[in-house]
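[1] Predicted model, plus sequence, below.
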Protein chains: 2
Amino acid sequence: MINARRNSEEGSTARSRLSRLAPLDADAVRLLEEAARTSYALRARQELLSAGSSIEAPLILLDGWAARARILPDGRRQIVSLLVPGDVTGVSDLPEPLSSATIVALTPVHVCAAPPRGASAALDLAYAVSRAHDEAFLLAQITRLGRMNAQERIMDLLLELRDRLDLAGLVRDNSFDVPLTQETMSDALGLTPVHVNRMLQAARKAGDLVWTGKRITLSDPARSARELGRVPLRVRAG
Amino acid sequence: MINARRNSEEGSTARSRLSRLAPLDADAVRLLEEAARTSYALRARQELLSAGSSIEAPLILLDGWAARARILPDGRRQIVSLLVPGDVTGVSDLPEPLSSATIVALTPVHVCAAPPRGASAALDLAYAVSRAHDEAFLLAQITRLGRMNAQERIMDLLLELRDRLDLAGLVRDNSFDVPLTQETMSDALGLTPVHVNRMLQAARKAGDLVWTGKRITLSDPARSARELGRVPLRVRAG
DNA sequence: CGCACCTTTGAAAGGTTTCAACTTCTGTGG
DNA sequence: CCACAGAAGTTGAAACCTTTCAAAGGTGCG
């Protein structure tokens, strides 16, 4: 289940994304490369971390997608946030923190333990920005679920993913890979898979997006963003 | 608008709550008392902090209720979280952090700047636990909005508030003050005020709760919690 | 080629919203 | 202490969005 890997390509997405959150010095890059050297692989549907279990160390998702989810006793599932390549999760100021949600791989993934805090000031700043982003994404998710209809939820989530993937350097010409099934999307959006399917068709017919295979192309993200009242994410002054 | 106050009673709720998150030593208590001495009052509907503005210092809500909210361009409002007496908000590891939501007083409130981090190890631990709680509440809010129906949302929120108020020593015999209008609840629950009203009546008829004036009494919180699959909040091991 | 998984479709039921009016509270001023 | 105004709570009927259930197409991979 845990396969140590030696692929130096692995960490590049994480480095790319983190360096856009805060400038990384040579020291930070070295720490990241070292961490990536002991990455391991998980298959889709495997759990990276289960709710209530203790968080040994922050994780970096080097490759692939994952989801933080909560399950209700009757089986209903809510994805509270999606993790895309380069994301860091599990950073806490608490000694012996416990996970408040289950993290499950949505695709085959490669993960590694993140360098601990305190080892690099540049990295610590990147972690702080990353955490602030994560909180902003949670607030955005709440607003989506509470006050948007199905069409708005879908487009708003895709725009968020676009922005996030852009930070990792994974967007080209408004198109990007989204390896989510409609069922997974429905768990993230608080909808049924059937309804996601119908609204996605409506969005395609309206010319808002093209979705072929795993790749999405947004026709006019700027316009869509304006219509939804999305504003650029800023978490610190200056 | 800002009235310095000299009421030594003020900080007691905050002390009480924080000390249940982590044991406070004499030093921490002194810092809290000092901070509470320069509290100020705001009327209901006034903003404590507006979205996008910079967070000068963490805030302690000494008294009264507030809400963190996001407003959509067409006026729809989503309350992302409620702040109850004793809550701390705005703790960040970021230099010059910006607020990602507007904080508005729901009742007349007294707030003060929290002692800065680094001044007391005990207090820092309390802040860390408080932050972990806040994150768990956001996840709970997401699950409520995404996967619960109106009745479940209402009861689940009330149970969460009960637990939180309990930490501040504000629950007696399963009853506690909830100074929320049905409209405010609807903004927190992603529903219309009309529907909140109807579902509240249903809950009363079903004997699940009594709500007179501003005071709520839950008939059988343990049973309700079980039915909703709520589990005790734990954010750290040991 | 066949099984598993994902997407698509239809029709009916259901939960929630909308709109508009009415009633009950609560606090303030006469 | 009562009258009044504004805020909050309540009610009804119809429209609307989303879900449910069930089944039929696609697609990819061993």
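    Looks like it arrived, so ask away. Numbering: from 1, shown residues only, chains lettered A, B, ... in the order given.

[2] Get me the contact residues on chain A for DNA strand D.
    Contact residues, chain A versus DNA strand D (C-beta under 7 Å from any atom of the strand): A:149, A:150, A:151, A:190, A:191, A:192, A:194, A:195, A:198, A:199, A:213. (C-beta placed from N, C-alpha, C; glycine too.)

[3] Burial check on the last one, number of neighbours?
    When you say that, I think you mean residue A:213. 8 (other C-beta atoms under 10 Å in any protein chain shown).

[4] so who does it touch?
    Under the criterion of C-beta atoms under 8 Å, 6 or more residues apart in numbering or on different chains, the contact list for residue A:213 is empty.

[5] any chance you could map the strands in chain A?
    For chain A, applying DSSP state E gives strands covering A:40-42, A:47-49, A:59-63, A:66-71, A:77-83, A:88-89, A:102-105, A:109-113, A:175-177, A:209-212, A:215-218.

[6] name the helices or strands packed onto the shortest one?
    With contacts defined as 3 or more C-beta pairs under 8 Å, 6 or more residues apart in numbering or on different chains; DSSP states H and E, strand A:88-89 has these neighbours: strand A:59-63, helix A:121-147.

[7] any chance of those in CSV, plus distance to residue B:39?
    Below are the helices and strands packed on strand A:88-89 laid out as CSV (distance: least, C-beta to C-beta, whole Å):
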stretch, distance to residue B:39
strand A:59-63, 40
helix A:121-147, 26
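
[8] Tell me which of those lies nearest to residue A:47.
    strand A:59-63 (12.1 Å; C-beta to C-beta).

[9] average pLDDT across the closest one?
    Averaging pLDDT along strand A:59-63 gives 95.

[10] swap in stretch A:182-193?
    98.

[11] Identify the residues contacting the residue nearest to residue A:141 when sequence neighbours are not counted.
    Using C-beta to C-beta, 6 or more residues apart in numbering or on different chains and skipping residues adjacent in sequence, the residue nearest residue A:141 is residue B:142, 5.5 Å away. When contacts are counted by C-beta under 8 Å, 6+ apart, residue B:142 touches A:70, A:78, A:80, A:138, A:141, A:142, A:145.

[12] Could you check the pLDDT of the first one?
    The reference is to residue A:70. Note on residue A:70: pLDDT of 97.

[13] quick one: contacts for it?
    When contacts are counted by C-beta under 8 Å, 6+ apart, residue A:70 touches A:51, A:77, A:78, A:80, A:101, A:102, B:139, B:142, B:143.

[14] Pretty sure the last one sits against residue A:78.
    Same thing as residue B:143. Yes. Contact criterion C-beta atoms under 8 Å: residue B:143 and residue A:78 qualify, at 4.5 Å.

[15] quick one on the thing from earlier: make a ChimeraX selection of the buried ones in the residues of chain A next to DNA strand D.
    Under the burial definition 16 or more other C-beta atoms under 10 Å in any protein chain shown, those of these that qualify are selected in ChimeraX by:
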select /A:150,190,191,199
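
[16] Tell me the one among the residues of chain A next to DNA strand D nearest to residue A:38.
    Closest to residue A:38, out of all of the residues of chain A next to DNA strand D and judged by C-beta to C-beta, is residue A:213, at 32.5 Å.

[17] Was I right to think residue A:155 contacts residue A:228?
    Yes. Assessed by C-beta under 8 Å, residue A:155 is found in contact with residue A:228 at 6.4 Å.

[18] Looking at these two, which is more packed in?
    Between residue A:155 and residue A:228, counted using other C-beta under 10 Å, the more crowded position is residue A:155 (23 against 17).

[19] Low-confidence stretches in chain A?
    A:1-11 (pLDDT under 70).

[20] In it, which residue is most central in space?
    residue A:83 (2.4 Å; C-alpha atoms, centre = their mean).

[21] got the contact list for that one?
    Per C-beta under 8 Å, 6+ apart, neighbours of residue A:83: A:61, A:65, A:66, A:67, A:68, A:89, A:103.

[22] what's around the second one, how many residues?
    What it means is residue A:65. Neighbours of residue A:65 (other C-beta under 10 Å): 22.

[23] Would you quantify the distance from it to residue B:150?
    Going from residue A:65 to residue B:150 by C-beta to C-beta, to the nearest Å gives 32 Å.

[24] Next to DNA strand C in this structure, residues from chain A, please.
    A:181, A:182, A:183, A:193, A:194, A:197, A:198, A:200, A:201.

[25] Apply 10 Å and report the result again.
    Residues of chain A lying close to DNA strand C (C-beta under 10 Å from any atom of the strand) are A:44-45, A:106, A:146-147, A:149, A:178-186, A:192-198, A:200-202, A:204-205, A:211-214.

[26] Now restrict those to buried residues only.
    A:106, A:146, A:147, A:178, A:180, A:182, A:184, A:185, A:186, A:196, A:200, A:211.

[27] Dump the residues you listed to a markdown table, plus distance to residue A:57.
    Shown next, in a markdown table, are those (distance: C-beta to C-beta, whole Å):
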| residue | distance to residue A:57 |
| --- | --- |
| A:106 | 22 |
| A:146 | 33 |
| A:147 | 36 |
| A:178 | 28 |
| A:180 | 27 |
| A:182 | 34 |
| A:184 | 27 |
| A:185 | 30 |
| A:186 | 32 |
| A:196 | 35 |
| A:200 | 38 |
| A:211 | 36 |
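
[28] Closest to chain B out of these?
    residue A:146 (3.1 Å; C-beta to the nearest C-beta).

[29] ok, the nearest residue to that closest one once chain neighbours are set aside - contacts?
    Spatially, and ignoring its direct neighbours in sequence, residue A:146 is nearest to residue B:190 (3.1 Å; C-beta to C-beta, 6+ apart). Residues in contact with residue B:190, defined by C-beta under 8 Å, 6+ apart, are A:145, A:146, A:147, B:78, B:145, B:153.

[30] what's near enough to touch the fourth one?
    Neighbouring residues of residue B:78 by C-beta under 8 Å, 6+ apart: A:142, A:143, A:146, A:147, B:69, B:70, B:71, B:72, B:187, B:190.

[31] which of these sit farthest apart?
    Of all pairs in the contacts of residue B:78, the most separated under C-beta to C-beta is B:71 and B:190 at 14.1 Å.

[32] what's residue A:145 in contact with, if anything?
    Counting by C-beta under 8 Å, 6+ apart, residue A:145 has contacts A:153, A:189, A:190, B:142, B:145, B:146, B:190.

[33] Residue A:172 versus that one, what's the distance?
    Residue A:145 is 30 Å from residue A:172, by C-beta to C-beta.

[34] burial count for residue A:206?
    The burial count for residue A:206: 10, using other C-beta under 10 Å.

[35] what's the spacing between it and chain B?
    19 Å (C-beta to the nearest C-beta, to the nearest Å).

[36] phi, psi of that residue?
    Main-chain dihedrals, residue A:206, degrees, to the nearest 10: phi -70, psi -10.

[37] Identify the contacts common to residue B:143 and residue A:78.
    A:70, A:72.
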